[in-house]
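Q: A predicted structure for the sequence below; I have some questions about it.
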Amino acid sequence: MTAEQAYVTGLHQRLDEVRARTVARLDEALATVPHNPQAVGEREAAVELHSQRIVALDAADSGLCFGRLDRHDSDVPRYVGRIGLNTDEGREEPLLVDWRAPAAQPFYTATPLHDLGVRRRRHIRTRGRTVVSVTDETLDLTDPDLAQRSGLAGESVLLAALNATRTGRMSDIVRTIQAEQDRIIRADHRGVLVVQGGPGTGKTAVALHRAAYLLYTHRERLARSGLLVVGPSPTFLAYIADVLPSLGETGVVLADLGGLRPGLQAHAPERPEVTEVKGRLAMVDVVTAAVRARQAVLDQPAPLTIDGTPVRFAKADAARARSRARAVSRLHNEARPAFARAVIDLVAHKYADTLGQNVLGGANLLGAGDVAALRREVAAEPAVHALIDRLWPRLTAERLLRDLFSSPQRLAAATKGWTDADRALLARPASAPWTPADVPLLEEADELLGVDDSAERTAARREKQRRLRHAQETLDFLHGSRSTDWETEDESEELSAGDLLDAEGLADRQEETDSRSTAQRAAADRTWTYGHVIVDEAQELSAMAWRVLLRRCPTRSMTLVGDVAQTGSAAGASSWAEVLEPALGPRDRRGWRMEELTVNYRTPAEIMEIAAEVLAAGGADTSAASSVRSTGERPWARQVADEELADAVAEAAAELDAEEGTLAVLVPRSRLAAVTDAVRRRVPSASADGDLTAGAVVLTPQGSKGLEFDSVLVGDPAGILDEGVRGHNDLYVALTRATQRLGVVHPGELPVELKGLDLR
Ligand SMILES: Nc1ncnc2c1ncn2[C@@H]1O[C@H](COP(=O)(O)OP(=O)(O)OP(=O)(O)O)[C@@H](O)[C@H]1O
């Protein structure tokens, strides 16, 4: 241990040196005064690079080095840690190998049967900069202890990590990644990789470590294109938010479906049946029909008056203008200027016809120049613009959908062939808040609307002209104030700003450079396409949501992790093929490939036994992953009268809250408000807003997706079974959130699936 302490101290010294040098470089970059737009860009890039590096170095400080490999063919040990470090001279074996580098892989995957040249694997545990323990594994088949081992790498270190009390924030697992997880983390980035695994198999952990691995391995490409991680809810995103920064990676966009649209937080709750309808692929046709319905023709001719002259705009004119516009662009707003031009042309010609006839009482003798003048007159007429707005309004996605869902007539026209019951699910007032399931619909609408940016372009042109004028004035002033008295050589050789720049260059220089990071720019841009997209709890996504994600990632470099046995939403998937084939084609024929995780690291065996019964009763064709550990603590059930449920749950919550670690109370949605009130009265530290670090939290099973707690208390399991669209899956999710202990409080009979619980 003393030798390892000396080595680790050396590594920290090296880390400090590298950090000091990076800080100096950052200071240097900040101090430079860029003289042209390119230099501004270079400066920004240097500042970004050094700042990122400092963040990564700081993140690596805690637990810097955690492994050592002794190999058959080398006397020099290989140390594995959070980042790579080398000496200035560089030497064959780096001081520290980044856990993501190929040279570190044997630390995670070497076994006695496939030792990959490794003789001994050493796990080094540190607190701050102090080594607190060293655990060795010899990968020697003749080792007498070998038969005792389970095949888990670094078993005692792993079990210590798994038994640790939870904080309400997920932490990284770099020290104890298991071989089956490592294979997925390092899998080829191309194509769609689906990771199926039961609860607690580390899917989320693997997905996030894969993000860090890909950023390390494809840094150049992903630094430009960005990486998106999609999770099921804002609570979940808060839960995982620390993992990537702790691995030194901050440039990743984290979003849930409701937060994926720039500038919108669509998180209002919604009935599951409504979410299901909105998630159907048929909604593409509904949105398409809604857009086309806004490209109207007239029911009857529209009378117009241009400068006192009546002009009749007929139904056929509207139809002609519409076909002309549709021929110009598929996109509604982009086609609008063409529609406006067509209407103005048609009105101008009619106007010309009327005037020409009026003047001469016979054939129209007005020339092209006259018609052009009349056209300008027509274009200035407010009534014509009102007509254009009525027939082809400029639309935002938000306006389109609000108008659609709040109008029974529009809705009926856009959902031909639907049942009245399904249609009724879509109806809502215009003031209703947005929900996550609306986001794919809004995006679908954007795709059909496009943007009519002619106004922005005109404004940008004007702005550029303004800057040019200002720049020209500045240059004129500089020239004007320049000394004309060329007395000395020196002075004549002095360059003024005007010699180096023309007005255009100066105007460009005033244009703001975009100094936002890739992640910031990506998150603010709906049309951004990412280099890689990772989706957690991917089984929950609807067909419409898949379209959004595939649009964000046309290269299909994606990792989808989830468990089809945990699907709660009716819009989600019960088999990967069912959801992915329509969008991606068949498995393994370049459509998508699948990897599986098989070991449950979270839930103790005692609880998994019960959960497996629930899974089987729900008719799942998968079996639950096996647990790596047992706690010896039996899960229990307590029966209470229905009207006492909230108080009894609060009582039991207070008992569990006295135990170490975090606590979740999970109840059906219909009980959420009453139980939350009761629990908050008994356990004052309980969080009201889903803050997982508060100690105790009350959630629905749906809201607990992807999370974990030391203690879980399920209230009214029969209610969970009854209320959910896939009730057994919901109860399965609830039971498998526990890392240590589980209690169930039930009114009435205990559901048969839970008969294995100890009765209290
Ligand atoms: N190799 C590992 N070393 C240490 N801890 C691990 C390892 N793998 C998983 N864990 C821990 O197990 C727990 C479950 O992991 P995670 O949340 O990633 O599972 P999951 O498969 O996403 O679960 P679910 O589908 O139920 O949400 C976490 O606390 C995680 O840190």
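A: Yes, it's here. This structure is a prediction, so every number in the text was calculated from the model and none was measured.
Q: got the contact list for stretch 627-638?
A: The set of residues external to stretch 627-638 that reach it, using C-beta atoms under 8 Å, 6 or more residues apart in numbering, is 150, 152, 158-159, 162-163, 200, 599-601, 603-608, 610, 648, 652, 738, 740-746, 750, 754, 757-760. (Glycine included, C-beta is placed from N, CA and C.)
Q: check stretch 398-406 too.
A: With C-beta under 8 Å, 6+ apart as the contact definition, stretch 398-406 has outside contacts at 286-287, 290-291, 294, 410-411, 414, 426-430, 432, 438, 441-442, 445, 449.
Q: ditto for stretch 608-615
A: Identification of contacts with stretch 608-615 by C-beta under 8 Å, 6+ apart yields 199, 565, 600, 603, 622-627, 635, 728, 731-732, 735-736, 742, 753-757.
Q: list phi and psi for Asp58.
A: Taking degrees, to the nearest 10, you get phi -70, psi -40 for the backbone angles of Asp58.
Q: Thr130 reaches Thr2, doesn't it?
A: No - the pair Thr130 and Thr2 does not pass the contact test of C-beta atoms under 8 Å, sitting 11.7 Å apart.
Q: which one's more surrounded, these two?
A: Looking at Thr130 and Thr2 with other C-beta atoms under 10 Å, you find the greater number of neighbours at Thr130, namely 10 against 7.
Q: ok, that one - contacts?
A: Thr130 sits next to Gln5 when contact means C-beta under 8 Å, 6+ apart.
Q: tell me the secondary structure at the nearest residue in space to Ala266 that is not next to it in sequence.
A: Leaving aside its sequence neighbours, Ala266 sits nearest to Trp434 (C-beta to C-beta, 6 or more residues apart in numbering; 3.7 Å). Classification of Trp434 using DSSP: H, G, I helix; E, B strand; the rest coil returns coil.
Q: take the contacts of stretch 398-406 and keep only those in helices.
A: Assignment to helices by DSSP state H places the following of these there: 286-287, 290-291, 410-411, 414, 426, 438, 441-442, 445, 449.
Q: mind putting those into JSON lines with distance to Val76, pLDDT and neighbour count?
A: What follows is these, written out as JSON lines (distance: C-beta to C-beta, whole Å; pLDDT from 0 to 100; neighbours: other C-beta atoms under 10 Å):
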{"residue": "Val286", "distance to Val76": "66", "pLDDT": "98", "neighbour count": "23"}
{"residue": "Val287", "distance to Val76": "63", "pLDDT": "97", "neighbour count": "25"}
{"residue": "Ala290", "distance to Val76": "68", "pLDDT": "97", "neighbour count": "26"}
{"residue": "Val291", "distance to Val76": "67", "pLDDT": "96", "neighbour count": "22"}
{"residue": "Arg410", "distance to Val76": "74", "pLDDT": "96", "neighbour count": "17"}
{"residue": "Leu411", "distance to Val76": "72", "pLDDT": "97", "neighbour count": "20"}
{"residue": "Ala414", "distance to Val76": "70", "pLDDT": "97", "neighbour count": "23"}
{"residue": "Leu426", "distance to Val76": "67", "pLDDT": "97", "neighbour count": "19"}
{"residue": "Asp438", "distance to Val76": "59", "pLDDT": "98", "neighbour count": "26"}
{"residue": "Leu441", "distance to Val76": "60", "pLDDT": "98", "neighbour count": "26"}
{"residue": "Leu442", "distance to Val76": "58", "pLDDT": "97", "neighbour count": "22"}
{"residue": "Ala445", "distance to Val76": "61", "pLDDT": "96", "neighbour count": "23"}
{"residue": "Leu449", "distance to Val76": "63", "pLDDT": "95", "neighbour count": "23"}
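Q: nearest to Thr167, of those residues?
A: Ranked by distance to Thr167 (C-beta to C-beta), these are led by Asp438 at 33.8 Å.
Q: related to what we said a few turns ago, which one of the ones in helices among the contacts of stretch 398-406 sits closest to the ligand?
A: Using C-beta to the nearest ligand atom, Asp438 is the member of these that lies nearest the ligand, at 25.4 Å.
Q: and that closest one, how far from Gly258?
A: For Asp438, the distance to Gly258 equals 8 Å [C-beta to C-beta, to the nearest Å].
Q: still on that earlier bit, the residue nearest to Ala266 and Gly263 touch, don't they?
A: No - applying C-beta under 8 Å, one finds Trp434 not in contact with Gly263, separated by 11.3 Å.
Q: out of those two, which sits in the busier spot?
A: Taking other C-beta under 10 Å, Trp434 and Gly263 do not tie; Trp434 has more neighbours (20 against 6).
Q: contact partners for the more buried one?
A: Counting by C-beta under 8 Å, 6+ apart, Trp434 touches Gly258, Leu264, Ala266, Ala268, Leu442.
Q: gap between it and the ligand?
A: According to C-beta to the nearest ligand atom, to the nearest Å, Trp434 stands 26 Å off from the ligand.
Q: next: Ala60.
A: Separation of Ala60 from the ligand (C-beta to the nearest ligand atom) stands at 19 Å.
Q: shouldn't that residue be in contact with Gly81?
A: Yes - the criterion here is C-beta under 8 Å, and Ala60 meets it with Gly81 at 7.1 Å.
Q: could you list the domains of the protein?
A: Following the TED database, one finds the domains of the chain at 1-145, 189-279+418-477+498-593, 280-417, 605-759.
Q: what's the most buried one of the ones you listed?
A: With neighbours taken as mean count of other C-beta atoms under 10 Å, the domains of the chain reach their highest mean count in domain 605-759, at a mean of 20.
Q: the residue in the stretch 451-600 of the chain that the ligand sits nearest to: what's it in contact with?
A: With C-beta to the nearest ligand atom as the measure, Asp563 is the residue of the stretch 451-600 of the chain nearest to the ligand, at 5.1 Å. In this structure, Asp563 makes contact with Gln196, Gly197, Gly198, Pro199, Lys203, Gln539, judged by C-beta under 8 Å, 6+ apart.
Q: out of the residues you listed, which comes closest to Trp576?
A: The shortest distance between Trp576 and any of these, using C-beta to C-beta, involves Gln196 and amounts to 6.7 Å.
Q: so that closest one is in which element?
A: Using DSSP states H and E, Gln196 maps to strand 192-197.
Q: what's that strand in contact with?
A: With C-beta under 8 Å, 6+ apart as the contact definition, strand 192-197 has outside contacts at 184, 187, 203, 206-207, 538, 556, 558-564, 576, 580, 584, 591-598, 625.
Q: is that strand up against the ligand anywhere?
A: Yes - under the criterion of C-beta under 6 Å from any ligand atom, the ligand is reached by strand 192-197 at Gly197.
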